[in-house]
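>>> Next input, structure requested:
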Amino acid sequence: MAGAGHCAWFFFSESVNSITNCLQEYNYLVKKVVFKVEILPIIKLISCLLVHAFFVVIMFGMYLIIGRMPSVIWFQLVYYSLAASLLALGIGFFTSAVNVFFKDMAQIVGVSASSSVIWMTPIMYHEAMFTGAGKWVEVLFKLNPFYYVVAGYRDTMLTGNWFWERPTLTLYYWGFTAVVLLLGLKMFKRLRPHFSDVL
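Okay, here's the model as predicted:
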C-alpha cells in the first residue's frame with residue numbers, strides 16, 4: 001500500500017518547501033537585530049509536524065477500516081517522523097539561506113519535491129519490480145536517504161519490522177543526515193549577517 005509512503009513524502013516535501021520560503025515570508029522579523037533567525041525554520045518544521053500528525057491519524061483510521069488492528073509498533077512513526085524532520089531541517093537551512101540571494105531556489109525545490117525526486121523514491125511503486133535488473137538497482141534505491149523513511153513507514157504499518165532490523169541503513173541514514181544538518185546550519189550562519197541587507 002502506497003499510503004504510508006505518501007504520508008511520509010507529503011510531510012517531508014511540505015517541510016522543505018515551507019522552510020525554504022520562511023525567510024522571505026517573515027522578512028520583517030529577519031531585519032530585527034535582536035531576533036534569532038535560526039528559529040524560523042524550526043517553527044515552520046513544527047507547524048508541518050502538526051499537520052503531519054493529523055494525516056497520520058487519518059492514515060491510522062484507514063488502516064483500521066481495512067481491518068488492521070492497532071499495534072505498539074505504530075509508535076515507531078514518531079521515530080521516523082523525527083528522522084524525516086531532521087533531514088528536512090538540514091536541507092531547509094541550506095535552501096532558505098540560498099533562497100534569500102537566489103530567488104529561483106524556491107522554484108527548484110518546489111519542482112523537485114513535487115515531481116522529479118518522488119520518482120527516485122519507491123513510493124509510487126515497489127522496488128521489488130526491479131529485482132530482475134540486478135543488485136545495483138537495490139543499492140541505487142538505498143543510496144537515496146529518504147528511502148529509509150519510506151521503508152520505515154511501510155515497515156511500521158505493513159510488515160511490522162522495527163528500525164533496528166535495518167542496522168546498516170540506519171547508520172547510513174543518520175550519518176548522511178548529520179552531515180546535511182551540519183552543512184546546512186553552517187551555510188545558514190555564514191549567510192545570516194547578509195540577510196537583512198538583501199531582504
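
>>> Assign residue 70 to helix, strand or coil.
Reducing the assignment at residue 70 to three states with DSSP: H, G, I helix; E, B strand; the rest coil gives coil.

>>> Look up how far residue 61 lies from it.
In this structure, residue 70 and residue 61 are 11 Å apart, going by CB to CB, to the nearest Å. C-beta coordinates here come from the backbone N, C-alpha and C atoms, glycine included.

>>> repeat for residue 146
Taking CB to CB as the criterion, residue 146 is separated from residue 61 by 25 Å.

>>> Check residue 72 too.
When distance is defined by CB to CB, residue 72 is 18 Å away from residue 61.

>>> circling back: more crowded one of residue 146 and residue 61?
Set side by side, residue 146 and residue 61 show unequal neighbour counts under other CB atoms under 10 Å, the larger going to residue 146 at 23 against 9.

>>> Once you drop chain neighbours, what's closest to that one?
With sequence-adjacent residues excluded and distances taken as CB to CB, 6 or more residues apart in numbering, residue 146 is closest to residue 121, at 5.1 Å.

>>> next one: residue 80
Once flanking residues are discounted, residue 80 sits nearest to residue 152: 4.1 Å by CB to CB, 6+ apart.

>>> show me what contacts that neighbour?
8, 76, 79, 80, 83, 163, 166 (CB atoms under 8 Å, 6 or more residues apart in numbering).
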